[in-house]
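Visitor: Sequence first, then the predicted structure, then my questions.
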Amino acid sequence: PIPLIIDTDPGVDDAVALVLALRSPEVDVRAVVAAFGNVGLDRTLDNARRLVALAGRPDVPVAAGAARPVVHDRPVRAAEVHGDDGLGGLAHTLPDRVPLDPRPGIDVMTDVLRAATEPVTIASIGPLTDTALLLATHPELVDRIGRIVVMGGAIGAGNVTGAAEFNVYADPEAAHRVLAQAEVPVTLVPLDLTLRCAVGEERLARLAAGDAVCHRLDALIEPYRGWYRRTHGMDGVPLHDAVALLEAIVPGTLRPTSLSLQVACDLGPARGATVPDHGRTGAPVSPPVDVALDADVPALLDAVLTRLGAP
Ligand code: BDR
Ligand code: CA
């Protein structure tokens, strides 16, 4: 199995993504690092520990990542989407937390990389702060990372501002660090695709008909689904992070387009935008990354459900 580190901010779609990875035989989840994001670090860390318990995997280390962005301290939250507790008000209904790994999240990541005998995949499904800090502070370990799969960015409209997607907006300087380096291949899974991967009524019913863990996930999704229904008129529910995790679990699931992207890091209205650089004004500033703009969506959603254990 592919060794995997998950950098996350649970979050309802993070919850599905975490259980998806922990139930997929193709990957070996070596660490979960929870950072600020959808809600504050205290909550996301608590949620990550409960979700790893829910998946029945107390062997997986869960550690604390960043509490705030690298440079600009105006953290954004998404409690209106995910609930004040990050899990639709239902975090307290989940099993007791697995123990907290006392090491800083970055140290857990570096220990996993040092011990690995095969290239490690990093799935970054929250603000990119810890993944960026890892690249910045441990260049000697970069060649142990096989690929970084990021849920983030938007080529079209954003979901925080007209320009910016949440995970990039939450720490644009960190996203720049990850997207502007050429040493580790990056697959970016942007909003453009994840919004097309909404899980509809029929598949949600299949999830609910699964085992007790599937049933819990379905319950967590319900209030989050209500938010998308009220604000976007959507019937289905986009599980952004699960789409990115599936690509980490089964490489090649998504269809990539190679694009050079620049992250807008100024403090104006474009902050957090991921802007394609077509090289018309000279050579592109950033190396190309694989931007997953397309996929066989029904097949992808079925693959997520099957791995979760839904009938
Ligand atoms: C991303 O933002 C968060 O709210 C979700 O968990 C996902 O990672 C979608 O823009
Ligand atoms: Ca997330």
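Guide: Received the coordinates, thanks. Every value quoted in this text rests on a predicted model; they were computed, and no experiment measured them. Ligands and ions are numbered 1, 2, ... in the order given.
Visitor: For the protein, give me the ranges with low pLDDT.
Guide: 75 (pLDDT under 70).
Visitor: Right, and ligand 1 sits closest to which residue of it?
Guide: Nearest residue of the chain to ligand 1, counting by CB to the nearest ligand atom: residue 166, 3.5 Å away. No exception for glycine: its C-beta is placed from N, CA and C like everyone else's.
Visitor: count of neighbours near that residue?
Guide: Neighbour count of residue 166, defined by other CB atoms under 10 Å: 27.
Visitor: And the one 5 residues further on, by the same measure?
Guide: Neighbour count for residue 171, taken as other CB under 10 Å: 33.
Visitor: ok, it to residue 181 distance?
Guide: Relative to residue 181, residue 171 is positioned 15 Å away (CB to CB, to the nearest Å).
Visitor: got the buried residues for stretch 51-62?
Guide: By neighbour count with 16 or more other CB atoms under 10 Å, stretch 51-62 contains the buried residues 51-55, 57, 60-62.
Visitor: Same list, those residues, but only the ones touching ligand 2.
Guide: Checked against ligand 2 using CB under 5 Å from the ion, those yield no neighbours at all.
Visitor: what two of those residues are the furthest from one another?
Guide: 54 and 61 (16.2 Å; CB to CB).
Visitor: In contact with the residue lying closest to residue 25 once chain neighbours are set aside, which residues are there?
Guide: Excluding the flanking residues, the one nearest residue 25 by CB to CB, 6 or more residues apart in numbering is residue 1, at 6.5 Å. By CB atoms under 8 Å, 6 or more residues apart in numbering, residue 1 lies in contact with 25-28.
Visitor: Compare those and tell me which has the most neighbours.
Guide: residue 27 (21 neighbours).
Visitor: That residue touches residue 21, doesn't it?
Guide: Yes - counting by CB atoms under 8 Å, residue 27 touches residue 21, with 5.7 Å between them.
Visitor: For the stretch 51-200 of the chain, which residues are neighbours of ligand 2?
Guide: 125-126.
Visitor: What ranges does the stretch 51-200 of the chain have for its strands?
Guide: Counting by DSSP state E, counting those that start in this stretch, the stretch 51-200 of the chain has strands at residues 62-64, 120-124, 145-151, 186-189, 198-199.
Visitor: Buried ones in the longest helix along the chain, by neighbour count?
Guide: Longest helix in the chain by number of residues (criterion: DSSP state H): helix 212-232. In terms of neighbour count (16+ other CB under 10 Å), helix 212-232 has its buried residues at 213-214, 216-218, 220-221, 223-225, 227-228.
Visitor: same deal with stretch 249-259?
Guide: Buried, per 16+ other CB under 10 Å, within stretch 249-259: 249-250, 253-254, 256, 259.
Visitor: Please name the nearest non-neighbouring residue to residue 4.
Guide: residue 27 is the one closest to residue 4 (CB to CB, 6+ apart), at 4.4 Å.
Visitor: In the sheet, which residues pair with the one you found? Tell me.
Guide: Counting by DSSP bridges, residue 27 is bridged to residue 2.
Visitor: which residues touch it?
Guide: Residues in contact with residue 27 (CB under 8 Å, 6+ apart) are 1-4, 21, 121, 248-249.
Visitor: Please spell out the ChimeraX selection for the buried subset of those.
Guide: Applying 16+ other CB under 10 Å to those, the buried members can be selected in ChimeraX as follows:
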select :2,3,4,21,121,248,249
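Visitor: what about the nearest residue to residue 82 once chain neighbours are set aside, which helix or strand?
Guide: The shortest distance from residue 82 to any non-neighbouring residue, by CB to CB, 6+ apart, is to residue 38 (4.6 Å). Here residue 38, judged by DSSP states H and E, is contained in no helix and no strand.
Visitor: what's the distance between residue 38 and residue 125?
Guide: Residue 38 is 10 Å from residue 125, where distance means CB to CB.
Visitor: Mind listing the shared neighbours of those two?
Guide: With CB under 8 Å, 6+ apart as the test, residue 38 and residue 125 both reach 9, 11, 14.
Visitor: these two touch, right, the second one and residue 38?
Guide: Yes - counting by CB under 8 Å, residue 11 touches residue 38, with 4.1 Å between them.
Visitor: Flag every residue of this structure that's near ligand 1.
Guide: The interface of the chain toward ligand 1, taken as CB under 6 Å from any ligand atom, is made up of 11, 13-14, 38, 78, 81, 125-126, 151, 159, 165-167, 191, 240-241.
Visitor: So which of these belong to helices?
Guide: By the criterion of DSSP H, membership of the residues of the chain next to ligand 1 in helices covers 13-14, 81, 166-167, 191, 240-241.
Visitor: now those residues as JSON lines including distance to residue 285?
Guide: Output for those, formatted as JSON lines (distance: CB to CB, whole Å):
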{"residue": "13", "distance to residue 285": "31"}
{"residue": "14", "distance to residue 285": "31"}
{"residue": "81", "distance to residue 285": "32"}
{"residue": "166", "distance to residue 285": "24"}
{"residue": "167", "distance to residue 285": "21"}
{"residue": "191", "distance to residue 285": "23"}
{"residue": "240", "distance to residue 285": "27"}
{"residue": "241", "distance to residue 285": "28"}
